[in-house]
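Chemist: Show me how the following folds:
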Amino acid sequence: MIARHLPMKSLRKSDYSELVKYLIDPKDKQERVGKIDVTNCQSDKPEYAITEVLNTQAQNRRATSDRTYHLVLSFRPGENPTPDTLRAVEARVCAGLGYEEHQRVSVVHHDTDNLHVHIAINAIHPKRHTLHIPYNDHKTLGQLCDKLEQEFGLAKDNHVAQKRGAENRANDMEAHTGIESLLGYIKRECSQQMQSAQSWAELHSVMGAHGLQLRERGNGLIVVADDGTAVKASSIDRAYSKGMLETRFGAFEAAPAAPKGEPTKQYQPKPLRVRPNTVELYARFRRDQQARTEAKAAALAKSRARKTRAIEDAKRTARLKRTAIKLLPSAPLAKKILYAATSSGLKADLAAITARHTKERARIGEEHKRTAWADWLQSQAMRGDPEALEALRGRPGAKAAVATADGITKTGTIIYRLGATAVRDDGQRLAISRGADVAGLVAALQLAAERYGSAIAVTGTEAFKSRLIEAAARSGLPITFSDPALEQRRQQLLPEIANDRARSPHPDGGRATGGSAIAGRPVAPREPRAEPAGPARPAATRTAGGRKPDIGRIGRQPPPQAQHRLRGMSELGVVQFSDRSEVLLPGHVHSDLEHKGPKPDNGVRRDIPGPRAGVMTPAEKYIAERTAKRAKGLDIPPHVLADPTTHVGTLAFAGVREIDGQRLALLKRQDDILVLPIDAATAQRLTRVKIGDLLTITPTGSLRTKGRSR
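Modeler: This next block holds a predicted model:
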């Protein structure tokens, strides 16, 4: 496990609201955002916690440091701790940093090769309103990770820094962008030859052959490439600092002005060496980035031209107004007022034009934003480019036909869903990370058979293996397990499942527990085998009371009138007796009825005055409509039908609605809205009431305001 503090280097990132919104945004992916926890806040919803945190931060106006502490907990690839373990680890780390009582929102992300938890912490204490920034937090985090790894059985990581800051930053840049850094180029290409140099001349010769120059800068030395990229010499290794080199070779000697011969190698920002050849792919990437730059420049030029024309039009309109005011036969004071109004209008127009242009520039920048090499490969792989996916999987750190994926990581692991099951495909195996039900396991087995052949190797917990064996036996797929014990258990289940199908053709479902992996060798895809139909049941059974139809299990078999067709209410046979002399004949009965004999008319229902069963009142209809929208995720508070016997008291006015001619008063009560039917006179009186004003519900169901009530 690795714990890292991400410093907020810009005002936008330091904004707690923007940070939390970024963390909980799924970004059109089902597998990005996992469990969300809110701690030390009044509400469990992150949207309300944002407001609470911002109000707390506003209580401290003296602090000049960052008020938001962004912490990330990352776990090894393939390691999936339980939600309880993640919650305990998050609480222990925050307490160790001194943030036990601070407000925070933690979000689990599953969209990369490493499961990781983002924690947005309010650095302002909610009660004391003091700012807390941990001292030497990297050492504290390393010690906490060591203890937690031992306590919870997590994979161990090295928490002692073994590289200098510049080298760490270069490694991070290469890992995120996939482009070789100058520091990495030097260490890979010529570091060994530089160590064997015995003089300044030999050192300059070795570096010149690789397109590098050693120069003085301030009190130290830097290494400069031909394209102007530079790095501190001591960042390569402490042996290349100015003091260490002068100890070996004497006083510093600059390289000769005219280098001998052309360099045999030269540093250029290009993709790291991968197994597939990415020359053509990288050329496409460069062309795409150049096209984005040109399109952005053209769009910005058009935007500036529109802004200039709009400003000129606004100024021209203002000049015409001033000319018209000058010609008016009005008093000087009246003209002065008109001139001032014209000037104010011009300033408002210019401000609106500038604001519109700023938004347009931001939109253009987002549409034509340049991307890093690894990000570009991800986007191309998501579009179905097999070369981009192969390049991702060939990157350093990767484990080694793009399906419809939920996401692709920067090492080429495809994350997608099979029903409710999340599956990760790294090119050599399928890993079922979480949410594995029977349908998902069957789909995963089918996908494994198509990609890796009929011999399936399985790793994971015993509970998962048992569930997978049952799913394999029930699915009827032509697969076998490479483990003889698992295959024997699958064979033993086949007769039992056959008997179960004879009794009931619907296998029950369930969920699996524990992590899993399915591996094999790639083969050509094959079509899944069709499920055989179960045996038919007897039509009837004889009992002591006579012969009764066997309806079977609920939902097994439709009634006779609904077999092989769909019926609506308008198709049912309905008889109305208007005279005692009329009788129902068999020919009058609907042909699909089971019994065509005449029936007595004493069971005919009559209309009863008042609201009929199943007919909704306008208030109930409005409440149902708001509840349906709220179920879709809209930010709508719960709506409840007002009851004057229990909801007597003072409430806040929230508006009036009219449904089917009935006027409804909306009254806010804490977190929900009460809906009260009112008459036209009360609705007319409420037009003079402002939103938020207090109203009182009387026991008789009327509304009382400051004035008269009805």
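Chemist: Mind naming the longest strand for the chain?
Modeler: Counting residues, the longest strand in the chain under DSSP state E turns out to be strand 649-659.
Chemist: Sheet partners, orientation included, of the helix or strand just after it?
Modeler: Proceeding N to C from strand 649-659, the next assigned helix or strand is strand 662-669, under DSSP states H and E. Strand 662-669 pairs in its sheet with strand 649-659 (antiparallel), strand 672-678 (antiparallel), by DSSP bridges.
Chemist: how far does the last one sit from the chain's center?
Modeler: Yep, that's strand 672-678 we're talking about. Per CA atoms, centre = their mean, to the nearest Å, the displacement of strand 672-678 from the mean C-alpha position of its chain is 36 Å.
Chemist: List of residues touching that strand?
Modeler: Applying CB atoms under 8 Å, 6 or more residues apart in numbering, the external contacts of strand 672-678 come out as 617-619, 622-623, 626, 637-642, 647, 651, 654, 656, 662-668, 686, 697, 701, 703. All C-beta spots, glycine's among them, are computed from the backbone N, C-alpha and C.
Chemist: Need the CA coordinates for that strand. CSV is fine.
Modeler: Below are the C-alpha coordinates for strand 672-678, written out as CSV (Å, rounded to 0.1, in the frame of the first residue of the first chain):
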residue,chain,number,x,y,z
ASP,A,672,-39.5,17.3,2.5
ILE,A,673,-42.4,19.1,0.9
LEU,A,674,-46.0,18.9,2.1
VAL,A,675,-48.7,19.0,-0.7
LEU,A,676,-52.0,20.5,0.5
PRO,A,677,-55.1,20.8,-1.8
ILE,A,678,-56.6,24.4,-1.6
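Chemist: Next, the buried residues of it.
Modeler: Judged by neighbour count (16 or more other CB atoms under 10 Å), strand 672-678 contains these buried residues: Ile673, Leu674, Val675, Leu676, Pro677, Ile678.
Chemist: re the thing from before, give me the mean pLDDT for the longest strand of the chain.
Modeler: Averaging pLDDT along strand 649-659 yields 87.
Chemist: For the helix or strand hosting Val223, which strands pair with it and how are they oriented?
Modeler: Per DSSP H and E: Val223 is located in strand 220-225. When sheet partners are counted by DSSP bridges, strand 220-225 sits next to strand 212-217 (antiparallel), strand 230-232 (antiparallel).
Chemist: buried stuff in it?
Modeler: Using 16+ other CB under 10 Å as the burial criterion, the residues of strand 220-225 that qualify are Leu221, Ile222, Val223, Val224, Ala225.
Chemist: Bridged to the fourth one, which residues?
Modeler: Following DSSP bridges, Val224 is listed with bridge partners Gln213, Ala230.
Chemist: Chain neighbours aside, what residue packs nearest to Arg32?
Modeler: Closest residue in space to Arg32, ignoring its immediate chain neighbours: Asp111 at 4.1 Å, by CB to CB, 6 or more residues apart in numbering.
Chemist: Heading C-terminal from the helix of greatest length in the chain, find the next helix or strand.
Modeler: Of all the segments of type helix in the chain, defined by DSSP state H, the longest one is helix 279-327. With elements assigned by DSSP H and E, the helix or strand that comes after helix 279-327 is helix 332-367.
Chemist: returning to what we had before: among the strands paired with strand 662-669, which is nearest Ser74?
Modeler: strand 672-678 (40.7 Å; CB to CB).
Chemist: pLDDT averaged over the closest one - what is it?
Modeler: If you average the pLDDT over strand 672-678, you get 89.
Chemist: Name the residues of the next helix or strand after that strand that come out as buried.
Modeler: Along the chain past strand 672-678, the next helix or strand (assigned with DSSP H and E) turns out to be helix 680-686. Applying a neighbour-count criterion of 16+ other CB under 10 Å, one finds Thr682, Ala683, Arg685, Leu686 buried in helix 680-686.
Chemist: Between all of those, which two are at the greatest distance?
Modeler: Distance extremes for the buried residues of helix 680-686: the farthest pair is Ala683 and Arg685 at 7.3 Å, using CB to CB.
Chemist: Residue ranges of each domain in this structure, please.
Modeler: Residue ranges of the domains in the chain are recorded as 2-152, 413-519, 618-704, according to automatic domain parsing.
Chemist: Please pick the buried ones from the contacts of strand 672-678.
Modeler: The neighbour-count test (16+ other CB under 10 Å) marks 618-619, 622-623, 626, 639, 642, 647, 651, 654, 656, 662-668, 686, 697, 703 as buried among these.
Chemist: Lowest mean pLDDT among the helices and strands, pick that one out for the protein.
Modeler: Of the helices and strands making up the chain, the lowest-confidence element is strand 540-543, at a mean of 37, by mean pLDDT, DSSP states H and E.
Chemist: remind me which residues of the stretch 401-550 of the chain are low pLDDT?
Modeler: Low-confidence segments of the stretch 401-550 of the chain (pLDDT under 70): 401-440, 450-453, 500-550.
Chemist: 80 - rerun?
Modeler: Within the stretch 401-550 of the chain, the set of residues satisfying pLDDT under 80 comprises 401-479, 481-482, 486, 490, 492-550.
Chemist: before we move on, back to that, can you lay out the strands paired with strand 220-225 as TSV showing distance to Cys145?
Modeler: TSV is the format used below for the strands paired with strand 220-225 (distance: least, CB to CB, whole Å):
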stretch	distance to Cys145
strand 212-217	37
strand 230-232	30
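Chemist: Put together a markdown table for those strands, with mean pLDDT and distance to Ala334 on each row.
Modeler: Supplementary listing: the strands paired with strand 220-225 in a markdown table, determined by pLDDT from 0 to 100; distance: least, CB to CB, whole Å:
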| stretch | mean pLDDT | distance to Ala334 |
| --- | --- | --- |
| strand 212-217 | 89 | 69 |
| strand 230-232 | 88 | 68 |
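Chemist: Next, format the strands paired with strand 662-669 as TSV and append distance to Met207.
Modeler: Compiled in TSV, the strands paired with strand 662-669 are given as follows (distance: least, CB to CB, whole Å):
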stretch	distance to Met207
strand 649-659	75
strand 672-678	73
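Chemist: closest one to Asp37 among the ones you listed?
Modeler: The closest of those to Asp37 is strand 672-678. By CB to CB, the value is 24.9 Å.
Chemist: Need the residue closest to the centroid of the chain.
Modeler: With distances taken as CA atoms, centre = their mean, the residue of the chain nearest its centroid is Pro26 (1.4 Å).
Chemist: Contact partners for that residue?
Modeler: With the criterion set at CB under 8 Å, 6+ apart, Pro26 makes contact with Arg32, Val33.
Chemist: pLDDT value on it, please?
Modeler: Looking at Pro26, its pLDDT reads 84.
Chemist: and if you look at Phe252?
Modeler: Confidence per residue is given as pLDDT, and for Phe252 that number is 88.
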